[in-house]
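# The sequence and its predicted three-dimensional model are supplied below.
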Amino acid sequence: MTLIFISLFLAIVIFLLTVKLKEYVEEVAQLRKQIEQTAAAHIIEKAKVKKDSTFRSSAVNWGKTIEHFVPFMTKFPVPAEDVVFLGMPIDYVGFTDTESKTKCEVHFIEVKSGNAALMGKQRNIKKAIQEGRVHWHEIAVDGNRVEVVEE
């Protein structure tokens, strides 16, 4: 009789363990599927980010390249021979009518392509120029001595 109860008890335990094991196997399968889906989504997102990064990089490179040729375009406000390329924070400084005491002008020129907008520093410089906060500084250098010549 005891042997029957032990056998019955072991059968119930084995049955319950089998049911639990089956649940764990199903849960592991679901988790594997989620991992595979997440990994696939990650691969797709990584490809999108790489494509976007490559596009932005080529746009920046295009902009930096085209900046050097813009002075030779017909609508450029200053003759190409009268501009100096700075690159940052403003692309060009140009000078017109330098032979005239009354008509001589200084031009600050920023080149943008595509959807590019002015950066914060560039907006600040633009505002300073528009508000007339522009200064002339002359510095005389003689050997190892520097002298600031004020207006």
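Structure's in. What do you need?
# Might you list the low-confidence residue ranges for the chain?
145-151 (pLDDT under 70).
# Quick check: the gap between the most centrally placed residue in it and residue 92.
With the centre of the chain defined as its mean C-alpha position, the nearest residue by C-alpha atoms, centre = their mean is residue 56, 7.5 Å away. From residue 56 over to residue 92 the distance is 24 Å, taken as C-beta to C-beta, to the nearest Å. C-beta: built from backbone N, CA, C; applies to glycine.
# What of residue 133?
20 Å.
# which secondary structure element contains the residue nearest to the centre of the chain?
helix 2-67 (DSSP states H and E).
# Remind me what the helix or strand following that helix packs against, helices and strands.
Following helix 2-67 in sequence order, the next helix or strand is strand 83-85 (DSSP H and E). Judged by 3 or more C-beta pairs under 8 Å, 6 or more residues apart in numbering; DSSP states H and E, strand 83-85 is in contact with strand 92-96.
# And the helix holding residue 56, how far out from the chain middle?
Its chain's C-alpha centre and that of helix 2-67 lie 32 Å apart, by C-alpha atoms, centre = their mean, to the nearest Å.
# ok, residue 12 - how many residues close by?
By the measure other C-beta atoms under 10 Å, the count of residues near residue 12 is 10.
# for the one 3 residues further on, same thing?
By the measure other C-beta under 10 Å, the count of residues near residue 15 is 10.
# How about residue 86?
Number of residues near residue 86 (other C-beta under 10 Å) recorded here: 13.
# follow-up on the earlier one: distance of the residue nearest to the centre of the chain relative to residue 73?
To residue 73, residue 56 is 24 Å away according to C-beta to C-beta.
# same deal with residue 64?
16 Å.
# need the contact list for residue 98.
82, 104 (C-beta atoms under 8 Å, 6 or more residues apart in numbering).
# mind running it again at 7 Å?
Residues near residue 98 by C-beta atoms under 7 Å, 6 or more residues apart in numbering: residue 104.
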